[in-house]
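Undergrad: Provide a 3D model corresponding to the input given below.
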Amino acid sequence: MIDTIHILCVLNPSSGNGLGRQRWPAVESLLKSFNITHELFMVDDRPLAEAVFQRLQKTAPGDYDVICGIGGDGTHSQVINALMRFRAQYPELVLPPYALIPLGTGNDIAKSFGLSARENLFVSDLRRSVATIRHGADYFLDIGRMGDLHFVDAVTIGLDSRILEEHNRYKAEIIKYPLLRRLIKGNILYTYCMGLRFWNHDPIEAEIIVDGKKWYNGPVLNLIINNTRIYGGEFVICPDSFANDGLLEVVVFAGHYDYLARYLLALRNNPREIHKMAEKLGKVSSCTQGRHIMVSLSRREAVQYDGEMLTSSDKFDISVSSRAIQIKIPVESG
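TA: The predicted model follows:
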């Protein structure tokens with residue numbers, strides 16, 4: 001008889017246009033099949049990070065064997081922000097490991113560790129994600145920091161953030177109309193918004209200091225400071241990046257053709273040799289790694305972290321907390 005483990009499930013009901021709420025009965029059934037008992041914590045009336053932090057304050061050490069987030073990158077980012085805040089305020093307490101069930105739109109964080117939630121005749125990735133809660137390996141994940149906020153996947157400054165801003169604006173309008181909500185969603189809406197913004201977005205001048213040394217001074221169309229391997233749902237911008245090496249990847253896209261070349265050649269299902277082709281052609285963005293990144297821009301620019309928009313700024317101070325959070329990842333490859 002397998003011992004029972006007890007977990008806290010944090011469900012974002014709006015994640016993935018309601019996918020988390022829709023798939024919860026299947027998740028609950030799978031938890032039971034793995035002899036995992038649970039408490040469900042579903043939040044839709046206040047900021048998720050604050051709600052999770054308050055819930056953690058009411059728990060005792062050992063109440064949960066695992067904390068499991070059910071949703072997309074935004075959900076996992078918010079829960080991990082709560083975990084980091086709790087750890088800072090109560091350093092004497094040991095947090096349980098964190099597990100991910102990816103039921104969002106992009107799912108960059110989960111995909112970086114070979115997790116997804118596909119369900120069809122050929123695969124049952126949702127089952128694999130739930131199995132990882134019990135049988136997964138322990139992985140100590142780096143966490144990025146910008147001011148009081150922590151990020152798991154990436155901070156993006158420039159064009160990608162402007163596209164996301166446009167996407168969110170249209171999404172807020174489309175959601176009012178059920179038929180449009182069914183027809184225009186996900187990649188279709190994002191591609192449309194990219195078309196609206198792409199050629200109308202001009203590079204700005206930037207100075208980037210990495211670990212105390214000036215690394216870049218010049219035009220920036222888009223800037224990604226990346227932690228996990230997958231970015232934008234389908235792209236591997238830095239194939240050799242690891243989320244437990246104590247380093248962040250810094251990628252500069254200087255212009256429009258540079259941007260297009262990098263993304264086309266960085267599709268995650270491309271053969272590795274195609275990923276390298278961009279370097280050989282001299283068409284890709286400047287890239288480096290570091291622990292502390294300072295960015296100064298010639299004007300204020302849009303910025304997002306883990307898919308959440310922030311107030312525009314012209315100065316950014318970003319660092320990494322090495323191996324900050326213990327997570328569960330699949331033992332076998334994805």
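
Undergrad: State the distance from the residue lying closest to residue 43 once chain neighbours are set aside to residue 153.
TA: Nearest residue to residue 43, sequence neighbours excluded (Cβ to Cβ, 6 or more residues apart in numbering): residue 51, at 4.4 Å. Any C-beta I mention is one placed from the backbone N, CA and C, and that applies to glycine too. Note on residue 51: its distance to residue 153, by Cβ to Cβ, to the nearest Å, is 21 Å.

Undergrad: More neighbours: which of the two?
TA: residue 153 (28 against 19; other Cβ atoms under 10 Å).

Undergrad: which residues sit in contact with the more buried one?
TA: Contacts for residue 153 (Cβ atoms under 8 Å, 6 or more residues apart in numbering) come out as 73, 77, 108, 109, 112, 226, 227, 228, 230, 231, 306, 307.

Undergrad: Tabulate those (JSON lines), appending pLDDT.
TA: Compiled in JSON lines, these are given as follows (pLDDT from 0 to 100):
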{"residue": "73", "pLDDT": "94"}
{"residue": "77", "pLDDT": "97"}
{"residue": "108", "pLDDT": "93"}
{"residue": "109", "pLDDT": "95"}
{"residue": "112", "pLDDT": "94"}
{"residue": "226", "pLDDT": "95"}
{"residue": "227", "pLDDT": "96"}
{"residue": "228", "pLDDT": "95"}
{"residue": "230", "pLDDT": "92"}
{"residue": "231", "pLDDT": "92"}
{"residue": "306", "pLDDT": "96"}
{"residue": "307", "pLDDT": "91"}
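
Undergrad: Let's see which of the residues you listed end up in strands.
TA: Among these, the members falling in strands are residue 226 (criterion: DSSP state E).

Undergrad: Name the member of the contacts of residue 153 with the most neighbours.
TA: Ranking the contacts of residue 153 using other Cβ under 10 Å puts residue 109 first, with 31 neighbours.

Undergrad: mind listing the helices for the protein?
TA: For the chain, the helices defined by DSSP state H occupy 19-33, 48-57, 73-89, 108-111, 125-135, 159-174, 178-183, 186-197, 256-265, 272-281.

Undergrad: Output the fourth one in CSV with nothing but the alpha carbons.
TA: Once non-C-alpha atoms are left out, helix 108-111 reads as follows in CSV (Å, rounded to 0.1, in the frame of the first residue of the first chain):
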residue,chain,number,x,y,z
ASP,A,108,6.5,28.3,-20.6
ILE,A,109,7.6,27.3,-17.1
ALA,A,110,6.0,23.8,-17.2
LYS,A,111,7.2,23.1,-20.8
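
Undergrad: So what touches that helix?
TA: So helix 108-111 is contacted by 73, 76-77, 100-102, 116, 129, 152-154, 228, 230-233, 268, 306 (Cβ under 8 Å, 6+ apart).

Undergrad: cool, the third one as well?
TA: Helix 73-89 has contacts (Cβ under 8 Å, 6+ apart) with 10, 12, 15, 20, 47-53, 56-57, 67, 69, 93, 95, 98, 100, 104, 106-110, 143, 149-153, 305-308, 321, 324-325.

Undergrad: By neighbour count, which bits of it are buried? Give me those.
TA: Within helix 73-89, the residues that count as buried by 16 or more other Cβ atoms under 10 Å are 73-87.

Undergrad: for the first one, same thing?
TA: Applying a neighbour-count criterion of 16+ other Cβ under 10 Å, the buried positions in helix 19-33 are 19, 20, 21, 23, 24, 26, 27, 30, 31.

Undergrad: so what's the backbone phi/psi at the residue nearest to the first one when sequence neighbours are not counted?
TA: Among residues not flanking residue 19 along the chain, residue 103 sits closest, at 4.8 Å (Cβ to Cβ, 6+ apart). When read as degrees, to the nearest 10, the backbone of residue 103 gives phi -130, psi 50.

Undergrad: ok, residue 103 touching residue 18?
TA: No: using Cβ atoms under 8 Å, residue 103 is not in contact with residue 18; the gap is 9.6 Å.
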